[in-house]
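Undergrad: Here is a sequence together with a model predicted from it:
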Amino acid sequence: MNSAIAHETNDARESILSTGRRIIAGKGYSAVGLNEILSTAGIPKGSFYHYFGSKDAFGEALLESYFEDYLADMDRTLSAAGLTMAQRLMNYWYGWQLNQLSIDGQGKCLAVKLGAEVADLSEAMRLSLKRGTSGIVERITRAVEAGAAEGSLSIDSTPDVIGQSLYQLWLGASVMHKIVRDTQPFETATAVTRQILHLDV
């Protein structure tokens, strides 16, 4: 009985998080009310505070859940069999671009969508964003280091500087894509990435 209740509670919580992720990825954090999330998820309004203490606590949990999934996907991409690390890294950037171009909000990057919006609104959410993006940069850095060691790419600076620079490049490209509404920022980011990693055009 207790196990069934715990499972039901977890399912409801995950439903709120997944529904919230999809809606907020499209509209932003401040523009979305709890009523919209809960009605879409089919969860009674009064139940929200059973799972989350506040909207900010929900936002923090949303980001933690998002980055957990994101980093797991990233790990799979960067460990794909039969490819050089340079190829895996370029596949990661290609996947990044596809996610940003997708119509379905579920694919959108919450770091891009919420970074500027919530960093000044909630310290807890800012720290969640910081932890999540640090995890991304660490993985890029390790991949760059491994690619340089195997000889599939080369760099003119330290792996950590390259990792940070590449992430910031693509974050900026994603913001510019939202402004100009075409793929030019991603085409530029791809070309600059290949230059930084000294990959053949």
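TA: Cool, got the structure. What you see is a predicted model, and the numbers here were worked out from it, not measured in a lab. Numbers count the residues shown, from 1 in each chain.
Undergrad: Could I get the contacting residues of P159?
TA: Residues in contact with P159, defined by C-beta atoms under 8 Å, 6 or more residues apart in numbering, are 141-142, 144-145, 148. In this view, the C-beta of every residue, glycine as well, is placed from N, C-alpha and C.
Undergrad: Could you find the closest non-adjacent residue to it?
TA: The shortest distance from P159 to any non-neighbouring residue, by C-beta to C-beta, 6 or more residues apart in numbering, is to E145 (4.0 Å).
Undergrad: separation between that neighbour and I23?
TA: Using C-beta to C-beta, to the nearest Å, one gets 38 Å for the distance from E145 to I23.
Undergrad: Where does pLDDT dip in this structure?
TA: The model of the chain has pLDDT under 70 over residues 1-9, 103-108, 201.
Undergrad: which helix is the longest one in it?
TA: helix 123-150 (DSSP state H).
Undergrad: thinking in terms of the whole chain, how far from its middle is that one?
TA: 11 Å (C-alpha atoms, centre = their mean, to the nearest Å).
Undergrad: Flag every buried residue along it.
TA: Within helix 123-150, the residues scored as buried using 16 or more other C-beta atoms under 10 Å are 124-126, 128-129, 132-133, 135-137, 139-141, 143-148.
Undergrad: so what does it touch, helix or strand wise?
TA: Other helices and strands packing on helix 123-150, by 3 or more C-beta pairs under 8 Å, 6 or more residues apart in numbering; DSSP states H and E, are helix 55-77, helix 85-101, helix 110-118, helix 159-180.
Undergrad: For E36, which of these is the nearest?
TA: For the helices and strands packed on helix 123-150, the distance to E36 is smallest for helix 55-77, at 12.0 Å, taking C-beta to C-beta.
Undergrad: That closest one packs against which elements?
TA: Packing partners of helix 55-77 (3+ C-beta pairs under 8 Å, 6+ apart): helix 2-27, helix 85-101, helix 110-118, helix 123-150.
Undergrad: Buried residues of that helix, list them for me.
TA: Of the residues in helix 55-77, those with enough neighbours to count as buried (16+ other C-beta under 10 Å) are 55-56, 58-63, 65-67, 70, 74, 77.
Undergrad: between that helix and helix 110-118, how big is the angle?
TA: Computed with axes from the mean of the first three to the mean of the last three C-alpha atoms, to 10 degrees, the direction of helix 55-77 lies at 150 degrees from that of helix 110-118.
Undergrad: angle of helix 55-77 against helix 123-150?
TA: Angle of helix 55-77 versus helix 123-150, following the same axes, to 10 degrees, is 10 degrees.
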